[in-house]
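1. Give me a model of this one.
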Amino acid sequence: ERATDPIGLDVPRPRLGWRLDSTTRGVLQESYQVRVATSAAGLDDPDVWDSGRVRSRQSVLVPYAGPELRPRTRYVWQVRVWDTAGRTSGWSEPASWETGVLGAAGWRAEWIGLPSPTESWADYTVQTTVRLERDAAGVYLRATGPANAYMWQFSIVGGAAKLRPHVRVDGAWRVLKEVPLGDVVPVDRLTAPHMLRITAAGDTITTWVDGTQVDVTRDGAHRGGSVGLRTDGAESGVFSDFSVTSGDGSLFAASLTDGENPFGGGTPTADGLRVSGGTEAMLTALDANPLLRRGFQVDGEVTRARIYATALGVYQLSLNGRRVGDHELAPGWTDYDKRVQYQTYDVTGQLRPGDNVLGALLGDGWYAGTIASFGTDHYGSRPHLSAQLVVDYADGRTETVATDGSWRATPGPFRQSDLIHGESYDARRLPSGWDRP
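-> All right, here's what the predicted structure looks like:
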């Protein structure tokens, strides 16, 4: 599989390859013989497979054709060849591969993560000052990602101000109504700053503009969720003094004029956060990517330890305070609705007798982060981890430490980690020793 002594192969018929080495010119392979065993010592009388002499000049991507492979098993193999002059090479030095979990039956880990605090928001008031620069700008509320949300749009239509409440379900838009605002927003103040206040209580959403109640809408499509800002096409607006309150309590507040951007899009300016074009900027300030931790015991001589890991999003693992592997942005982009790749890591040398800790840091990646012009939350709204550490002991025991409800989680220092919009890191939020015993 184009790798040297790989571990974690999850293909039923690995493809083998070798390279001829000769001091003679023009040497061509006429045939080959491959043998596979469960140990180097067993190659002389292989207990897995012997291809016999095969007439073929193929020396790359030669499929293994022996019995069905077992999961989490190391296989040792070697090859010899005959050239067109009938000469036989010696056997190659033994090489190896190690199988992965080989299918769903070998995967015992659950998906774990940290829910956004905004998921519990239900009845609340959003207040902000908005200044239209062109056409329209909207506020998301009760959003579980931009595909399922209400969007209250402040707009200029035919030279007059209007409120256009929308609802979006599974990506499909529906305009609930159009409310003329001519009595509150005169023509000469269309592009002046206006205070927009929206209160969601049960199935009733009430709207005020500049302190005047302008609309009451009843709809039960969405009962709770986060907030955000939206524009589309040529639309552009500047938001400032954004707050979310519930009763007498403040859920979130930001001036948006201090250069900080608590949303997943837009451009900070001295006047506020400019949102323009195709932008769906959900609130991210409260959604710091999580740190995950699980302590466990090692109580014997370890012969082998492997971590099998993947994520909806991207992940980085540590074991006893040391990073696991050297992958960047693992497990990589995929169509998460169909498949997710996993990686295998040899951590035998990182374990120690007694207390050990497995840690993980999650990021939005392509799963929940921005993808080109498609915005955020294309596949999901929160990153999740699925991983299992399998420890083999010299006495024959095997123990598995898998992701489940026993892990501990906390919002980490990455307030934002987006492949396009970059990172926002607060070192004060990194607990000392979080990934060590």
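
2. Export only the CA atoms of the lowest-mean-pLDDT helix or strand in the chain, formatted as CSV.
-> None of the helices or strands of the chain scores lower by mean pLDDT, DSSP states H and E than strand 414-418, at a mean of 85. The C-alpha coordinates for strand 414-418 follow below in CSV (Å, rounded to 0.1, in the frame of the first residue of the first chain):
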residue,chain,number,x,y,z
PHE,A,414,-8.9,28.0,21.0
ARG,A,415,-11.9,30.4,20.9
GLN,A,416,-11.9,30.0,17.1
SER,A,417,-10.0,27.6,14.9
ASP,A,418,-11.1,28.1,11.3
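
3. how about the helix or strand containing residue 79: buried residues?
-> Using DSSP states H and E, residue 79 maps to strand 74-83. Across strand 74-83, burial judged by 16 or more other Cβ atoms under 10 Å covers 75-83. Where you see a C-beta, it was placed from the backbone N, CA and C, and this is true even at glycine.

4. May I have the secondary structure class of the residue in the chain sticking out farthest from the centre?
-> The outermost residue of the chain relative to its centre, with distances by Cα atoms, centre = their mean, is residue 85 at 55.6 Å. The three-state assignment at residue 85 reads coil, by DSSP: H, G, I helix; E, B strand; the rest coil.

5. so what's the backbone phi/psi at it?
-> phi -90, psi 0 (degrees, to the nearest 10).

6. Residue 290 too?
-> Dihedral angles for residue 290 - degrees, to the nearest 10 - are phi -80, psi 150.

7. Please apply the same query to residue 106.
-> phi -90, psi 0.

8. How about it: what's its closest non-neighbour residue?
-> residue 71 (4.8 Å; Cβ to Cβ, 6 or more residues apart in numbering).

9. which residues touch that neighbour?
-> 99-103, 106 (Cβ atoms under 8 Å, 6 or more residues apart in numbering).

10. Spatially nearest residue to the most centrally placed residue in the chain, not counting backbone neighbours?
-> Closest residue to the average C-alpha location of the chain: residue 313 at 0.4 Å, with Cα atoms, centre = their mean. Nearest non-adjacent residue to residue 313, counting by Cβ to Cβ, 6+ apart: residue 383, 2.8 Å away.

11. From start to finish, how long is stretch 336-345 in a straight line?
-> 22 Å (Cα to Cα, to the nearest Å).

12. How far off centre is that stretch?
-> How far stretch 336-345 lies from its chain's middle: 11 Å, per Cα atoms, centre = their mean, to the nearest Å.

13. these two touch, right, residue 136 and residue 161?
-> No: in this structure residue 136 lies outside contact range of residue 161 using Cβ atoms under 8 Å: 10.1 Å.

14. Find the residues that touch each one of these two.
-> 154-155.

15. In JSON lines, list the buried residues of strand 74-83 along with distance to residue 32 and pLDDT.
-> As requested, the buried residues of strand 74-83 are exported to JSON lines (distance: Cβ to Cβ, whole Å; pLDDT from 0 to 100):
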{"residue": "75", "distance to residue 32": "18", "pLDDT": "98"}
{"residue": "76", "distance to residue 32": "17", "pLDDT": "98"}
{"residue": "77", "distance to residue 32": "12", "pLDDT": "98"}
{"residue": "78", "distance to residue 32": "11", "pLDDT": "98"}
{"residue": "79", "distance to residue 32": "6", "pLDDT": "98"}
{"residue": "80", "distance to residue 32": "7", "pLDDT": "98"}
{"residue": "81", "distance to residue 32": "5", "pLDDT": "98"}
{"residue": "82", "distance to residue 32": "7", "pLDDT": "97"}
{"residue": "83", "distance to residue 32": "11", "pLDDT": "96"}
